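**Q** need coordinates for the following:
(one chain, ligands or ions: 1)
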Amino acid sequence: MRIDVVSIFPEYLAPLELSLIGKARQDGLLQLNVHDLRSFTTDRHRTVDDTPYGGGAGMVMKPEPWAKALEEIVGARAGEGGAAKPILIVPSPAGERFTQSIAHELAEEEQLVFACGRYEGIDERVIEWASEHFTVRPMSLGDYVLNGGEVAVLAMVEAIGRLLPGVVGNPESLVEESHSDGLLEYPVYTKPSSWREREVPAVLLSGNHGKIAQWRRHEQFRRTAERRPDLLADFDASTLTRADREVFAELGYDVVDGRLERRVLDGDA
Ligand code: SAM
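**A** Now for the predicted structure:
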């Protein structure tokens, strides 16, 4: 996969030289290029922002340096004989929520381009113009506001990059993770089995793989119901076993037409 990131703070992306993503780059599994937006300016001060039309606080990123940077990236790719439009991800708190399933979808792409906004964001005409050359996807990390797109890009590139074949040593470890099956992951433990008077759950020491798998699955149900009950609304409950249904019943959920339905409990009103 090839990833291009455009930012006024290219050094902000330095952590992508470390750990598994850094190794993936060294091994040639991921080609990552960081471009300085200011090198696409033409004035002495290398200006990338200006005051907003209509007034108001803050500055807005000027369109021309963005167009030049993105044209260069698309041009470089055209020279490689690419066919489909590359995806342009524009980090924005006003974008679609970035999720694990979007990370999987994007990990299938040949090229991703990230445009890191700063200040009040990028002149909207850049987004309109860019859709002629890219499939544009404004993408939010979550419902909060960061100072710039770089932190969001670090998170998205790591989430996508670790799904590329060969990046994570044991691909099995990607299977039972939070959000891989619509649930949160079960709690995990390591040695020693007794630590500060706290014991590892006995079932994990039993050697009974069937029981361990069932315990883990039921812990997923409990943890998801407690921390992220919103995820259960989309959970496919049609294949739950009787034991699974009993756990959900304890947690206050019934299975109705293959979906989980929260029972109204005393005190809910
Ligand atoms: N005025 C913008 C708004 O209210 O939607 C926020 C601009 S923010 C201060 C500057 C930049 O940070 C944005 O252009 C975007 O690149 C990035 N950013 C901020 N919050 C983000 C989030 N939750 N997800 C992704 N990017 C974000």
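
**Q** quick check, the residue in the stretch 101-250 of the chain closest to the ligand?
**A** Going by CB to the nearest ligand atom, the ligand is nearest to residue 117 of the stretch 101-250 of the chain, at 2.5 Å. C-betas here are computed from N, CA, C, even on glycine.

**Q** residue contacts, residue 134?
**A** Residue 134 sits next to 70, 74, 85, 86, 87, 88, 113 when contact means CB atoms under 8 Å, 6 or more residues apart in numbering.

**Q** correct me, but the fifth one touches residue 111?
**A** Read that as residue 87. Yes. Between residue 87 and residue 111 there is a contact under CB atoms under 8 Å: 7.4 Å.

**Q** low-confidence regions, the stretch 51-200 of the chain specifically.
**A** Per-residue confidence for the stretch 51-200 of the chain (pLDDT under 70) gives these ranges: 76-83.

**Q** would you mind listing what in it touches the ligand?
**A** Residues of the stretch 51-200 of the chain lying close to the ligand (CB under 6 Å from any ligand atom) are 91-94, 116-118, 120-121, 140-142, 144-149, 152.

**Q** of those, just the buried ones, PyMOL syntax please.
**A** Restricted to buried positions by 16 or more other CB atoms under 10 Å, the PyMOL selection for these reads:
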select buried, resi 91+92+116+117+118+121+140+141+146+148+149+152
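
**Q** so which of the residues of the stretch 51-200 of the chain next to the ligand belong to helices?
**A** Counting by DSSP state H, the part of these found in helices is residue 152.

**Q** which residue ranges form the strands in the stretch 1-150 of the chain?
**A** Along the stretch 1-150 of the chain, the stretches classed as strands by DSSP state E, counting those that start in this stretch are 2-7, 31-36, 49-50, 60-61, 87-97, 111-115, 135-140.

**Q** skipping its backbone neighbours, what lies nearest residue 206 in space?
**A** The shortest distance from residue 206 to any non-neighbouring residue, by CB to CB, 6 or more residues apart in numbering, is to residue 212 (7.0 Å).

**Q** quick check: the residue of the stretch 101-250 of the chain closest to the ligand touching residue 92?
**A** Yes. Taking contacts as CB under 8 Å, residue 117 lies within contact range of residue 92: 6.6 Å.

**Q** shared neighbours, the two?
**A** Common neighbours of residue 117 and residue 92 (CB under 8 Å, 6+ apart) are residue 149.

**Q** which residue ranges form the helices in the stretch 51-200 of the chain?
**A** Taking DSSP state H, counting those that start in this stretch to define them, one finds helices in the stretch 51-200 of the chain at 63-79, 100-106, 124-130, 150-161.

**Q** out of these, deepest packed?
**A** helix 150-161 (a mean of 21; mean count of other CB atoms under 10 Å).

**Q** could you list every helix and strand in contact with it?
**A** With contacts taken as 3 or more CB pairs under 8 Å, 6 or more residues apart in numbering; DSSP states H and E, helix 150-161 sits against strand 2-7, helix 19-26, strand 87-97, helix 100-106, strand 111-115, strand 135-140.

**Q** if we can go back for a sec, neighbour count winner among residue 87 and residue 111?
**A** Counted by other CB atoms under 10 Å, residue 87 and residue 111 do not tie: residue 111 has more neighbours, with 21 against 18.

**Q** any idea what that one is bridged to?
**A** Residues in a beta bridge with residue 111, per DSSP bridges, are residue 2.

**Q** from residue 126, how far out is it?
**A** According to CB to CB, to the nearest Å, residue 111 stands 19 Å off from residue 126.

**Q** which residues sit in contact with residue 149?
**A** 7, 90, 91, 92, 114, 115, 116, 117, 118.

**Q** mind running it again at 7 Å?
**A** Contacts here follow CB atoms under 7 Å, 6 or more residues apart in numbering; on that basis residue 149 touches 91, 116, 117.

**Q** show the pLDDT at the residue nearest to residue 206.
**A** Residue 212 is assigned a predicted lDDT (pLDDT) of 98.

**Q** can you give me the strands for the stretch 151-269 of the chain?
**A** Counting by DSSP E, counting those that start in this stretch, the segments of the stretch 151-269 of the chain that form strands are 194-195, 198-199, 253-256, 259-262.
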